[in-house]
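[1] Model the following, please.
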Amino acid sequence: MMPLQIRPDQALREIFEFNSKLAQGLNTLSEIGEIDVGVTPKEGVYYEDKLVLYQFKPATERVCNPIPVLIVYALVNRPYMTDLQEGRSMVQGLLNAGLDVYLIDWGYPDGADRFLTLTDYLDGYIDRCVDVIRKRHGLAKINLLGICQGGTFSLCYTALHTHKVRNLVTTVTPVDFHTPNDLLSHWIQKVDVDLLVDTMGNIPGELLNWTFVSLKPFRLMGQKYMDLINVLDDPEKAKNFMRMEKWIFDSPDQAGEAFRQFTKDFYQANGLIRGTVTIGDRNVDLKNVTVPVLNIYAADDHLVPPASSIALKNYVGTQDYTALEFPGGHIGIYVSSKAQKMVPPAIGKWFDERV
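    Residues are numbered from 1 along each chain as shown. Below you'll find the predicted structure:
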């Protein structure tokens, strides 16, 4: 191995440049002000417990597609990631594609929600939101768009309520929870979930968030903050960074019983593809998903490996199945500039072809 060649003058220069950037950065951060998120005007049209169902204001004078789409987000983190800022908003892209967009905001569960189950979420909250939209538009069926865990929920919901769903889009959605390179799944296999929930009740969002960050510790706990030094002289880039940090660490607690069931039935038992997940008194059979499906996955996803999502094709009952690969990661599929040009237009076109 070649010895390190460190010149004292070069090292001193780099230290001076680093300290200068850091000093400028502290000044930049002190002047950023409030970090705004959720840029698209919206109206709450239905409220229940912590949940709010929002309808976004259309971007054009008229909506081109007569079938509204409901975004079902995961219970982890906050759904404003879909509408983070101008130019980095999946919601804006869908509106620009002529869609009428609704979104479920789950809110922040507390002790009163400790015993909510997946049945409460799927046959309760989601089903009532779907019914509200159906009634508002005078339609028998609407479109669903599920995100990550929300995509898994959407698959289960569609399998149980096919008569209410026209088309289904899943994005970075785990289906096969036992693929070889699924690090998160490998970790969860070893967790005594019953002991965890019985001890803690609701699962702290902070605990889950640090679990996700630990999947890529060097990149997500070290390197990104070193990279931040290089953009701190640009107030707009610094604000973009802080906006993402706000979302990453805005982690609601998880209702204990729902967390128990999702972890044991999906991650540990891989019940979605084995047909052993039970919602209410019914088993979830993906063969009952006979509506058109667009499955979008991210090639570099470390939370939901592509193989986990791609497996969907082998289990659904639809004859109209389309897969779309996004060349990026789990979050980039919603907020990157590349994603804005690719994903919402593709979803809009796919929906339009199935009106």
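
[2] Which residues does the helix or strand hosting Gly93 contact?
    Per DSSP states H and E: Gly93 is located in helix 90-96. Here helix 90-96 makes contact (CB atoms under 8 Å, 6 or more residues apart in numbering) with 39-40, 56-60, 69, 71, 82-83, 86, 101, 103, 145, 334-335, 339-340, 343-345, 347-348. Heads up, the C-betas are built off the backbone N, CA and C, glycines and all.

[3] strands paired with the helix or strand following it, and their directions?
    As assigned by DSSP H and E, the chain's next helix or strand after helix 90-96 is strand 101-105. Next to strand 101-105 in the sheet, as set by DSSP bridges, lie strand 51-56 (antiparallel), strand 69-72 (parallel).

[4] for these, which one sits closest to Pro204?
    strand 51-56 (20.3 Å; CB to CB).

[5] so for the closest one, what's the average pLDDT?
    Computed over strand 51-56, the mean pLDDT rounds to 98.

[6] May I have it as CSV, with CA atoms only?
    Only the C-alpha atoms of strand 51-56 are listed here, as CSV (Å, rounded to 0.1, in the frame of the first residue of the first chain):
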residue,chain,number,x,y,z
LEU,A,51,-57.1,11.8,10.0
VAL,A,52,-57.7,14.5,7.5
LEU,A,53,-58.7,13.8,3.9
TYR,A,54,-57.4,16.6,1.6
GLN,A,55,-58.4,17.6,-1.9
PHE,A,56,-55.8,19.6,-3.7
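
[7] List the buried residues for it?
    Across strand 51-56, burial judged by 16 or more other CB atoms under 10 Å covers 51-56.

[8] got a list of what Leu145 touches?
    Counting by CB under 8 Å, 6+ apart, Leu145 makes contact with 69-72, 94, 154, 168-169, 171, 347.

[9] mind running it again at 6 Å?
    69, 71, 169 (CB atoms under 6 Å, 6 or more residues apart in numbering).

[10] So the second one is in contact with Trp106, correct?
    No: using CB atoms under 6 Å as the test, Ile71 is too far from Trp106 to be in contact (11.7 Å).

[11] quick one: low-confidence parts of the stretch 51-200 of the chain?
    Counting by pLDDT under 70, the stretch 51-200 of the chain contains low-confidence residues at 60-62.

[12] what about the helices in it?
    Secondary structure of the stretch 51-200 of the chain (DSSP state H, counting those that start in this stretch): helices at 90-96, 118-119, 127-137, 149-160, 183-188, 193-200.

[13] how about JSON lines for these, with distance to Asn314 and mean neighbour count added?
    Listed next are those as JSON lines, based on distance: least, CB to CB, whole Å; neighbours: other CB atoms under 10 Å:
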{"stretch": "helix 90-96", "distance to Asn314": "27", "mean neighbour count": "23"}
{"stretch": "helix 118-119", "distance to Asn314": "23", "mean neighbour count": "21"}
{"stretch": "helix 127-137", "distance to Asn314": "27", "mean neighbour count": "16"}
{"stretch": "helix 149-160", "distance to Asn314": "13", "mean neighbour count": "26"}
{"stretch": "helix 183-188", "distance to Asn314": "18", "mean neighbour count": "16"}
{"stretch": "helix 193-200", "distance to Asn314": "27", "mean neighbour count": "14"}
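
[14] Would you reformat those helices as CSV and include distance to Arg282?
    Below are these laid out as CSV (distance: least, CB to CB, whole Å):
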stretch, distance to Arg282
helix 90-96, 31
helix 118-119, 9
helix 127-137, 13
helix 149-160, 6
helix 183-188, 25
helix 193-200, 23
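
[15] Figure out which of the ones you listed is closest to Thr290.
    helix 149-160 (8.8 Å).
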